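Asks: Could you work out the structure for the sequence below:
(one chain, ligands or ions: 1)
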Amino acid sequence: MRPESPPAPLVLRRSTFHWGSRTYIMGVLNVTPDSFSDGGRFLDPEAAVEQALALEAAGADIVDVGGESTRPYADPVTEEEELRRTVPVIEAIRRRSDVPVSIDTTKAAVAEAALAAGADMINDVSALRADPRMAETAARHGAPVVLMHMRGTPGTMQDDTHYDDLVGEVHDFLAERVAWAEARGIPRGKILVDPGIGFGKSYQGNLVLLNRLDALLDIGVPVLVGPSRKAFLGAVTGRAAPAERDAATLGAVAAAALRGCHVVRVHDPAPTVDVLKAVDAIRSETLPDPG
Ligand SMILES: Nc1nc2ncc(COP(=O)(O)OP(=O)(O)O)nc2c(=O)[nH]1
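Replies: Model prediction:
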């Protein structure tokens, strides 16, 4: 059920996100050797910075820097290694661009260093549960946070993907995490939620969550979703290779935007821009300003 008014705007560096005005794009920058779709491509800091600039040029409103794969059964990364992978890249991005940057981490020390290096936001797939210091870190920096639903950890989440009421359980978990974060000093206006596509859900469960994404809107904060290149799209299309799922990703992005999603997290922003322009125009029955 759509709330009467959209969530309050969010300012991230030079950008003000007027939720509801259009669907925004978070571009994925994995500085890892083992990310499921692009592992190893951007491990070199120079290549990573060039990719960040390319994501921005292609239309990403936020660049999401991640130093640890969260794919099912991924090997955990030490704090030192995650710092080594991410902080220099964020510092280098800052020397070349003021694009808003989020740090995709569950470790408070990594978030702390990333924010000090110029990141603007924390994307925590554990919804501030993995590290007891994360909430305080975010509150102290005044950093916006993305709270995502995941059952268990990347090492356990696919062991049990049965839910009696998937949408209801995800909704209630996220609503509870928002209240929990607010109680620890993170303003509601700096909280986004994410149903965690591919994180402890069956393929069919991911379809249900995307088709019923509007059920999350009454939590009253922006909804972010990350379907890009994920395995459920391979099951739907028969595309075994993640890199061959960008077309199917556009379908998932269009569906999410039509259901009122505020941010989509994708590896390839370029085609996503026009898909979202079309969906946003159709959804609002309004042509965009010619300006
Ligand atoms: N908020 C949010 N963050 C996320 N981070 C990583 C991935 C996994 O995708 P990717 O980063 O491409 O792969 P890997 O985790 O293997 O690096 N998905 C999400 C998501 O759906 N939502």
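
Asks: where does the protein have low pLDDT?
Replies: The model of the chain has pLDDT under 70 over residues 1-3.

Asks: which residues in the protein form strands?
Replies: Listed in chain order, the strands of the chain (DSSP state E) span 10-12, 15-17, 24-30, 62-66, 101-104, 121-124, 145-148, 191-194, 224-225, 263-266.

Asks: Kindly export the third one (C-alpha atoms) in CSV.
Replies: Written as CSV, here are the backbone C-alpha positions of strand 24-30 (Å, rounded to 0.1, in the frame of the first residue of the first chain):
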residue,chain,number,x,y,z
TYR,A,24,17.5,6.2,-8.8
ILE,A,25,20.4,4.0,-9.8
MET,A,26,23.1,2.5,-7.5
GLY,A,27,26.0,1.3,-9.7
VAL,A,28,27.9,-1.8,-8.4
LEU,A,29,31.6,-1.7,-8.0
ASN,A,30,33.0,-4.9,-6.6
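
Asks: So which residues make contact with that strand?
Replies: 17, 38-39, 41-42, 48, 51-52, 55-56, 58-66, 69, 89, 102, 123, 224, 226, 228, 262-267, 269, 272-273, 276 (C-beta atoms under 8 Å, 6 or more residues apart in numbering). C-betas here are computed from N, CA, C, even on glycine.

Asks: how near is the residue lying closest to G152 once chain neighbours are set aside to M157?
Replies: Once flanking residues are discounted, G152 sits nearest to G200: 6.0 Å by C-beta to C-beta, 6 or more residues apart in numbering. In this view, G200 and M157 are 3 Å apart by C-beta to C-beta, to the nearest Å.

Asks: Can you pull the residues of the protein lying near the ligand?
Replies: 28, 30, 32, 35-37, 66, 69-71, 104, 123, 125, 146, 148, 194, 197, 224, 226, 265 (C-beta under 6 Å from any ligand atom).

Asks: OK, contacts around R212?
Replies: Taking C-beta under 8 Å, 6+ apart as the test, what R212 contacts is V167, R259.

Asks: List phi and psi for it.
Replies: Backbone torsions of R212, given as degrees, to the nearest 10, read phi -120, psi 30.

Asks: Output the strands of the chain in TSV; the columns should cover mean neighbour count.
Replies: As requested, these are exported to TSV (neighbours: other C-beta atoms under 10 Å):
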stretch	mean neighbour count
strand 10-12	18
strand 15-17	16
strand 24-30	26
strand 62-66	26
strand 101-104	28
strand 121-124	27
strand 145-148	27
strand 191-194	26
strand 224-225	27
strand 263-266	26
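
Asks: Could you report the neighbour count for the closest residue to N211 other than its chain neighbours?
Replies: Among residues not flanking N211 along the chain, A255 sits closest, at 6.8 Å (C-beta to C-beta, 6+ apart). Neighbours of A255 under the rule other C-beta atoms under 10 Å: 17.

Asks: residues in contact with A255?
Replies: Contacts of A255 (C-beta under 8 Å, 6+ apart): L210, N211, L213.

Asks: Need the strands of the chain in a markdown table (columns: distance to A139).
Replies: A markdown table is the format used below for the strands of the chain (distance: least, C-beta to C-beta, whole Å):
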| stretch | distance to A139 |
| --- | --- |
| strand 10-12 | 16 |
| strand 15-17 | 20 |
| strand 24-30 | 22 |
| strand 62-66 | 20 |
| strand 101-104 | 16 |
| strand 121-124 | 11 |
| strand 145-148 | 9 |
| strand 191-194 | 11 |
| strand 224-225 | 20 |
| strand 263-266 | 22 |
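
Asks: out of those, which comes closest to W180?
Replies: strand 145-148 (8.8 Å; C-beta to C-beta).

Asks: For the protein, give the residue positioned nearest to the ligand.
Replies: G226 (2.4 Å; C-beta to the nearest ligand atom).

Asks: Report how many residues lie close to that residue.
Replies: 29.

Asks: And for R94?
Replies: Around R94 there are 16 residues (other C-beta under 10 Å).

Asks: ok, now Y73?
Replies: 12.

Asks: tell me the contacts of it?
Replies: P154, G155, Q158.
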